[in-house]
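Fold the stuff below for me.
(one chain, ligands or ions: 2)
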Amino acid sequence: MNCNIVTIPGDGIGPEIVREACKVLDKVGEVYGHTFTYTEVLMGGCSIDAYGVPLTDEALETARKSDAVLLGAVGGNVGNSRWYDVAPQLRPEAGLLAIRKGLNLFANIRPAYLYKELADACPLKKEIIGDGFDMVIMRELTGGLYFGERHTEEVDGVLQATDTLTYNENEIRRIAVKAFDIAMKRKKHVISVDKANVLDSSRLWRKVVEEVAKDYPEVTLEHMLVDNCAMQLVMNPGQFDVVLTENMFGDILSDEASMITGSIGMLSSASLNETRFGMYEPSHGSAPDIAGKDLANPIATVLSAAMMLRYSFDLDKEADAVEAAVQQVLTEGYRTADIWAEGCEKVGTAQMGRLIADRIR
Ligand code: IPM
Ligand code: MG
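Ligands and ions are numbered 1, 2, ... in the order given. Next comes the predicted model:
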């Protein structure tokens, strides 16, 4: 198979972790007979430096024409005035939002899985961890507060800022369908998270999710209020299979879910539209403080590349091989600094990538 991948290394640790993911993909190509061709484009701060905008139309078009996009991370220290003393739509993160919207990537899948090797890095007590957890957060990615009308104005001499949270039933239905589809391949349990005790958008969310559930009689549906969900994640994480939620709640809950896996450096993600096309990126940020120091954990990006193999290229065997290689490296005791524990061997970004690539069978 020939796959045209657009890579967007981005800022901070982005280039280092994308490099390692490509190393692993190349090994997959070698072992399984596929060719991965990479075209690099700029997004985020590096694009601002080169072109004055966080995402050019050309970069977006190049991404659109590819088979899939592999993204590192964008953004930097807010103290970086070149990137942040400008209008919000010109900041690095605006590039990310623009590509999500521009490619209609409405379904963001963020798996949070506790490797038993990392149980010590999990900040929860042993009795709470129990047999571990394996959940998927299905976050709506192109609606809600992120894309609603917003403005700041002065009303009677007082500054006032407004953000709007809007969802229509079609936007809710298509993400709910994705969540139920994925639940069918898992433990057939969807927990839909909202704030229906306060928000109209959540009440519509609940209604539409219930309609969709009727087409999936095998799947159990539960509703959970977002504040309760935040609590349940650290009280009983094992109860979650598929968590379906809107954009902002998903942003917050996925950081929480990633941290209980031991490190935010482990959490991969896929952002999909209605076709097989997707953008794959770690759920963490650009970590400018450790950029270029060979300290970053590339596993989230490597696992994102595995999701790319699975969802965009239909290469399940190859995706399994990448996940198994990550598992093996952890079992053998190799750790980057963020997940290091006594008795383990500390390795840098590049060595971690090499160790995983070497274990692709
Ligand atoms: C994420 C990030 C982004 C988001 C930021 C960088 C705009 O936190 O992918 O979770 O809020 O979606
Ligand atoms: Mg986030």
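
Give the pairing partners of the longest strand seen in the chain; include direction for each.
Criterion DSSP state E: the longest strand present in the chain is strand 2-10. With DSSP bridges as the test, strand 2-10 is paired with strand 35-40 (parallel), strand 68-73 (parallel).

Need the winner for burial among these.
Counting by mean count of other CB atoms under 10 Å, strand 68-73 has the highest mean neighbour count of the strands paired with strand 2-10, with a mean of 27. For glycine as for every other residue, the C-beta is placed from the backbone atoms N, C-alpha and C.

residues making contact with that one?
Applying CB atoms under 8 Å, 6 or more residues apart in numbering, the contact partners of strand 68-73 are 3, 5-18, 21-22, 43-44, 63, 96, 99, 103, 277-282, 284-287, 301, 304-305, 308, 312-313.

The longest strand of the chain near ligand 1 at all?
No: between strand 2-10 and ligand 1, judged by CB under 6 Å from any ligand atom, nothing touches; the nearest distance is 10.4 Å.

buried residues in that strand?
Using 16 or more other CB atoms under 10 Å as the test for burial, strand 2-10 gives 3, 5-10.

Identify the farthest-apart pair in these.
Distance extremes for the buried residues of strand 2-10: the farthest pair is Cys3 and Gly10 at 20.5 Å, using CB to CB.

Go ahead and measure how far the longest strand of the chain is from the middle of the chain.
Distance of strand 2-10 from its chain centroid, counting by CA atoms, centre = their mean, to the nearest Å, is 16 Å.

Following the chain onward from the lowest-mean-pLDDT helix or strand in the chain, which element is next?
Of all helical and strand segments in the chain, the minimum by mean pLDDT, DSSP states H and E falls on helix 81-84, at a mean of 90. For helix 81-84, the succeeding helix or strand toward the C-terminus, using DSSP states H and E, is helix 92-102.

Quickly check: that next one near ligand 1 or not.
Yes: applying CB under 6 Å from any ligand atom, one finds helix 92-102 in contact with ligand 1 at 93, 96.

Can you point out the buried residues in that helix?
Under the neighbour-count rule (16+ other CB under 10 Å), helix 92-102 has 92-102 buried.

which residues does the residue nearest the centre of the chain contact?
The chain has Ser269 as the residue nearest its centroid, 3.0 Å off, counting by CA atoms, centre = their mean. Listed by CB under 8 Å, 6+ apart, the contact partners of Ser269 are 108-111, 254, 280-283, 304, 307.

could you redo these as a markdown table and give each row pLDDT and secondary structure?
Output for the contacts of Ser269, formatted as a markdown table (pLDDT from 0 to 100; DSSP: H, G, I helix; E, B strand; the rest coil):
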| residue | pLDDT | secondary structure |
| --- | --- | --- |
| Asn108 | 98 | strand |
| Ile109 | 97 | strand |
| Arg110 | 96 | strand |
| Pro111 | 96 | strand |
| Ser254 | 93 | helix |
| Tyr280 | 98 | strand |
| Glu281 | 97 | coil |
| Pro282 | 95 | coil |
| Ser283 | 90 | coil |
| Ser304 | 98 | helix |
| Met307 | 97 | helix |
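
Closest to Asp215 out of the residues you listed?
The closest of the contacts of Ser269, once distances to Asp215 are taken by CB to CB, is Ile109, at 19.8 Å.

Quick one: name the residues of the stretch 201-350 of the chain near ligand 1.
So far as CB under 6 Å from any ligand atom goes, the stretch 201-350 of the chain lies against ligand 1 at 251, 283.

Which residue does the stretch 201-350 of the chain have closest to ligand 1?
Nearest to ligand 1 in the stretch 201-350 of the chain, going by CB to the nearest ligand atom, is Asp251, at a distance of 4.4 Å.

Which pLDDT value goes with the residue nearest to that residue when sequence neighbours are not counted?
In space, and not counting its chain neighbours, Asp251 is closest to Arg139: 7.0 Å by CB to CB, 6 or more residues apart in numbering. The model reports Arg139 with a pLDDT of 98.

what packs against the helix or strand where Arg139 lies?
In this structure, Arg139 sits in strand 134-140 according to DSSP H and E. Where contact means 3 or more CB pairs under 8 Å, 6 or more residues apart in numbering; DSSP states H and E, strand 134-140 is packed against strand 107-113, helix 169-184, strand 242-245, helix 247-259.
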